[in-house]
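Enquirer: Pasting the sequence and the predicted coordinates here, then a few questions.
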Amino acid sequence: MPGGLIAITGPAAAGKSTVARTVQAELARRGELWLVHELDLFGRGLSREWVALGAHRGAHAHRGFVYARAVDGSIALELGADGRRVLAAFHRSVAAVARSGVGVVCETIVYDDEDWRDWCEALEGVSSCWVRLGAPLATLEERERADRTRVFQGLARGMSARTPVGTFDVEADTGSEEVAAIAGRILAWNER
């Protein structure tokens, strides 16, 4: 039987990883096998030659991922053709795992309308629950500052300024709602 997909999106520091792991733990408690698959894994696998951030500008960054800092300190992501190919590969890898019969809890972003269309194409026939997490900007920035391991300080502001793209089955504010309650709502929707 095919697996399903629970796709969790939202700006940086919204709590995607925490919610994904909480959902996965509850599904495991029930005896269900679900993998957490994250866009950041693909990002870490990318050669730095396809990335520009701060003083680092890879030779092929214009074709990949350019993290541009604005005057207000925010970081905006600009995608090149190869960056879009990487996103398309990620979408299809998630779909392949779900089609293999293993459920996927996916941490991702939806960059723009083109990215959303590609997700829809890749996931045709896959049962999916789309979740959008958010929180007040002050909360997101506080979380970013508290986590010194975050290379992309300012990404929460940049991502929060973007208009959300896609259709969401569950939306939650991680600044005011407990993770367990959010996970419960996701699982309840997924069981329908």
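Expert: Ah, there it is.
Enquirer: okay but residue 167 is in contact with residue 130, surely?
Expert: Yes. Because the distance of 6.4 Å satisfies CB atoms under 8 Å, residue 167 is recorded as touching residue 130. For glycine as for every other residue, the C-beta is placed from the backbone atoms N, C-alpha and C.
Enquirer: The two: which is more packed in?
Expert: Regarding residue 167 and residue 130, a neighbour count based on other CB atoms under 10 Å identifies residue 130 as having more, with 22 against 10.
Enquirer: For the helix or strand where that one lies, which strands pair with it and how are they oriented?
Expert: Using DSSP states H and E, residue 130 falls within strand 128-134. Sheet pairing for strand 128-134, assigned by DSSP bridges, gives strand 5-9 (parallel), strand 170-173 (parallel).
Enquirer: Now do the buried residues in the shortest one.
Expert: By neighbour count, with 16 or more other CB atoms under 10 Å as the criterion, the buried positions of strand 170-173 are 170, 172.
Enquirer: Could you do the first one as well?
Expert: By neighbour count with 16+ other CB under 10 Å, strand 5-9 contains the buried residues 5, 6, 7, 8, 9.
Enquirer: Thought residue 5 was touching residue 128, still the case?
Expert: Yes. Proximity of residue 128 to residue 5 meets the contact threshold set by CB under 8 Å, at 4.3 Å.
Enquirer: dump the residue contacts of residue 105.
Expert: The neighbourhood of residue 105, defined by CB atoms under 8 Å, 6 or more residues apart in numbering, consists of 6, 8, 20, 23, 24, 27, 34, 35, 36, 37.
Enquirer: Which of these ranks first by neighbour count?
Expert: By neighbour count, taken as other CB under 10 Å, the most surrounded of the contacts of residue 105 turns out to be residue 6 (29 neighbours).
Enquirer: Fine, thanks again, bye for now.
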